[in-house]
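Student: Structure of the sequence below:
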Amino acid sequence: MELSTNKQEIVRRGNKVVWDCGDTIVKAFNNSKPASDVLNEALNLTRVYEAGVKAPQFVEVSALDNGWALKTKRVEGTMLSVLMDQNPTKLTEYLSNFIELQLDVQSHTAPLLPRQRDKFARMINSLSSINATTRYDLLMRLDGMKEEEKICHGDFNPTNVLVQKDGSCVVLDWAHATQGTPAADVAMTYMLFSFDDQKLADAYLEMYCDCADLAKQVVYRWLPIVAAAELARGHKEHEQALLSWIDVADWQ
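Tutor: Residues are numbered from 1 along each chain as shown. Predicted structure coming up:
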């Protein structure tokens, strides 16, 4: 893939750079990102798009000199996280729209997406930073959870929501998508909010559970599992917080 000479950098983090190339957006990964992961993200994106989820349209995956690139059609808009920072008086409205969008995503199914339960089990088993007894307890907890087959984003947060001029939203970054239990995805979102703002995390959970008629206790029971999954992604900046969430024997 030849990147446009008029490309504009949007964000740079970890092993990737995201470029605005006019009509398309290119997510360029360096060679530390396995080709299988890039192809899996492209496949996830295609499957959720075909299921009717509001996501960018896939264009292609191509080889670069030192890695791989995922290209999608460009969507004009502003990240919800930016709008929330710029307009604090509208936070409740933005949070309500965010939850409505998450519920819409979770109302769809895509039978060929990876299974959430299998992915969590692999991630828990990969953790060398926790002992075998804790891994066993987490796997037993996972095994006892209700099985569902709804689309779950896996990293649903305001930085992955693009708000268009007409108010409609598009969900970005489908690398961690699975089919599974919405409550697990809610637990992940709650945890991600809590890293920066516990008050906002609590407001999100209260509002989501009211809208979905879901008991907060169901979400709490997923927290040690999703914390283990997040730890397996190698996010060192939150390592101590994640370990403390995993150590909680029973969330009530």
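Student: just the strands in the stretch 151-252 of the chain please.
Tutor: Applying DSSP state E, counting those that start in this stretch to the stretch 151-252 of the chain gives strands spanning 161-163, 169-171, 178-180.
Student: what comes into contact with the first one?
Tutor: Residues outside strand 161-163 that contact it (C-beta atoms under 8 Å, 6 or more residues apart in numbering) are 75, 77-81, 83, 98, 101, 169-172. For the C-beta atoms, the positions are set from N, CA and C on the backbone; glycine is no exception.
Student: Apply 6 Å and report the result again.
Tutor: With C-beta atoms under 6 Å, 6 or more residues apart in numbering as the contact definition, strand 161-163 has outside contacts at Val75, Gly77, Thr78, Leu80, Cys169, Val170, Leu172.
Student: which one of those residues sits closest to Ser128?
Tutor: Nearest to Ser128, judged by C-beta to C-beta, of the contacts of strand 161-163 is Leu172 at 31.3 Å.
Student: Now, of the contacts of strand 161-163, which are buried?
Tutor: Buried subset of the contacts of strand 161-163 (neighbour count, 16 or more other C-beta atoms under 10 Å): Val75, Gly77, Leu80, Cys169, Val170, Leu172.
Student: Let me know the closest of the residues you listed to Val17.
Tutor: Taking C-beta to C-beta as the measure, Val17 lies nearest Leu172 of the buried ones among the contacts of strand 161-163, at 15.1 Å.
Student: So which of the buried ones among the contacts of strand 161-163 is the closest to Ala241?
Tutor: Leu80 (23.3 Å).
Student: Double-check the closest one against Pro158; I have them as touching.
Tutor: Yes: between Leu80 and Pro158 there is a contact at 4.0 Å, judged by C-beta atoms under 6 Å.
Student: So which residues of this protein form helices?
Tutor: For the chain, applying DSSP state H gives helices covering 35-50, 80-86, 91-106, 116-125, 132-143, 182-196, 198-212, 216-232, 239-247.
Student: Any chance of those helices in a markdown table with distance to Lys16 and mean pLDDT as columns?
Tutor: Formatted as a markdown table, the helices of the chain follow (distance: least, C-beta to C-beta, whole Å; pLDDT from 0 to 100):
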| stretch | distance to Lys16 | mean pLDDT |
| --- | --- | --- |
| helix 35-50 | 10 | 96 |
| helix 80-86 | 18 | 96 |
| helix 91-106 | 23 | 97 |
| helix 116-125 | 20 | 97 |
| helix 132-143 | 29 | 95 |
| helix 182-196 | 19 | 97 |
| helix 198-212 | 26 | 98 |
| helix 216-232 | 18 | 96 |
| helix 239-247 | 21 | 88 |
